[in-house]
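> Quick one: sequence and predicted model below, then my questions.
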Amino acid sequence: MHIIAMKTGKGVIVIQRLDERRYAVTVDGIVRYVGTQEECEQRVAMLVQKEDRVDQDEALAQSIRRMR
């Protein structure tokens, strides 16, 4: 199992490898996104830049809308 973790002022953000292609982004133990490693790294960059959970949720929603 491959895990990348970083502690921020907002909590602990972790990228965890699920299988050969899928990774999960968790914030304080709650899965916030599942995708490729690159996609998860992009989501983490968005989360770290945001000030609170409402902003984090909006950033994730926007990125998901762009993917559709």
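Ah, there it is. None of these values were measured; they are calculated from a predicted model.

> so where's this protein shaky on pLDDT?
1-10, 50-52, 55-56, 63-68 (pLDDT under 70).

> how many neighbours does the closest residue to residue 23 other than its chain neighbours have?
Excluding its sequence neighbours, the residue lying closest to residue 23 (CB to CB, 6 or more residues apart in numbering) is residue 40, at 4.4 Å. For the C-beta atoms, the positions are set from N, CA and C on the backbone; glycine is no exception. Using other CB atoms under 10 Å, residue 40 is surrounded by 23 other residues.

> correct me, but residue 40 touches residue 25?
Yes - at 4.8 Å, residue 40 counts as touching residue 25 under the criterion of CB atoms under 8 Å.

> Now list whatever residues contact both of those two.
Common contacts of residue 40 and residue 25 (CB atoms under 8 Å, 6 or more residues apart in numbering): 15, 33, 34.

> Please identify the helix or strand for the residue nearest to residue 23.
Here residue 40, judged by DSSP states H and E, is contained in helix 37-49.

> Please name every helix or strand in contact with that helix.
Judged by 3 or more CB pairs under 8 Å, 6 or more residues apart in numbering; DSSP states H and E, helix 37-49 is in contact with strand 3-8, strand 11-17, strand 23-27, strand 30-35, helix 53-67.

> Show me which residues of that helix are buried.
Buried residues in helix 37-49, counted by 16 or more other CB atoms under 10 Å: 39, 40, 43, 44, 46, 47.

> In CSV: the residues you listed, plus distance to residue 29.
Formatted as CSV, the buried residues of helix 37-49 follow (distance: CB to CB, whole Å):
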residue, distance to residue 29
39, 20
40, 16
43, 16
44, 15
46, 19
47, 14
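
> of these, closest to residue 19?
Nearest to residue 19 among these is residue 40, at 13.2 Å by CB to CB.

> could you measure that closest one against residue 13, distance?
Residue 40 sits 10 Å away from residue 13, going by CB to CB, to the nearest Å.

> Identify the contacts common to these two.
residue 25.

> List the beta-bridge partners for the residue nearest to residue 34 when sequence neighbours are not counted.
Spatial nearest neighbour of residue 34, chain neighbours left out: residue 24 (4.9 Å); criterion: CB to CB, 6+ apart. In this structure, residue 24 bridges to residue 16, residue 34 when assessed by DSSP bridges.
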